[in-house]
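build me a model from this:
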Amino acid sequence: MRYLLLPLLLASTLAGAELPETDWLELMPEADRLALEAMPEISHDGPELDGAFYSPDGLRQQARDLPAVMYSSKTVAAFDNQPIRLGGYPVPLETDARGHSTLFFLVPYPGACIHVPPPPPNQLVLVRYPKGIELEDIYAPLWVSGTLKIEAVSNDLADAAYALDAAQVRLVEEADL
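Here you go, the predicted model:
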């Protein structure tokens, strides 16, 4: 009897284990990563410095004189339909009747919704999470786990090169650090 329980215990332990973290830069093709590393410092001067926190262009690139890598939608084919765990910051798009976010962009750094320039499309992930999560603070980092897809997404706020059907979304906790 003990030998029958061991495989079940092992399977349940593995099912509860989190996926290893995927680094945001892994979502960029190597040529884009190299171009990003070689890029000169970008000014983050924008409307928020004047007290204007809303831009009609949202996360879309406001300055069109940036290096091409800042507009890149190039993806990494190996990530298509792969389970991943990605850490980042939410930019809420839709909520359910309880006020929980069910659709949001995940971005690699806090404040991407107001800073200029925003991340390139291959550094924006549209997250679909029908269960919803209460987002009290968009500056609080999240762990998002699920199946990543190469999917061009364009809405009034931004363009993204990836979408993720989330199985789990949770706040990053002190113990995670």
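
ok, which stretches of this protein are helices?
According to DSSP state H, the chain carries its helices in the segments 2-16, 30-38.

which of these comes out lowest on mean pLDDT?
Lowest mean pLDDT within the helices of the chain: helix 2-16, at a mean of 39.

residue 139 contacts residue 111, doesn't it?
Yes - using C-beta atoms under 8 Å, residue 139 is in contact with residue 111, at 7.1 Å. Using the backbone N, CA and C atoms, a C-beta is placed for each residue, glycine as well.

mutual contacts of those two, please.
Residues touching both residue 139 and residue 111 (C-beta atoms under 8 Å, 6 or more residues apart in numbering): residue 89.

neighbour count: these two, which is higher?
Shown here are residue 139 and residue 111; by other C-beta atoms under 10 Å, residue 111 has more neighbours (15 against 8).

and the more buried one, what is it in contact with?
Residue 111 neighbours (C-beta under 8 Å, 6+ apart): 89, 139.

and for the closest residue to residue 99 other than its chain neighbours, the neighbour number?
Nearest residue to residue 99 in three dimensions, chain neighbours excluded: residue 134, at 6.9 Å (C-beta to C-beta, 6 or more residues apart in numbering). Using other C-beta under 10 Å, the number of residues around residue 134 comes to 10.

so who does residue 134 touch?
Contacts of residue 134 (C-beta under 8 Å, 6+ apart): 98, 99, 100, 101.

try it again with 10 Å
95, 98, 99, 100, 101, 171 (C-beta atoms under 10 Å, 6 or more residues apart in numbering).

before we move on, what about residue 166?
Shown in contact with residue 166 (C-beta under 10 Å, 6+ apart): 86, 102, 104, 106, 125, 127-131, 133, 142-148.
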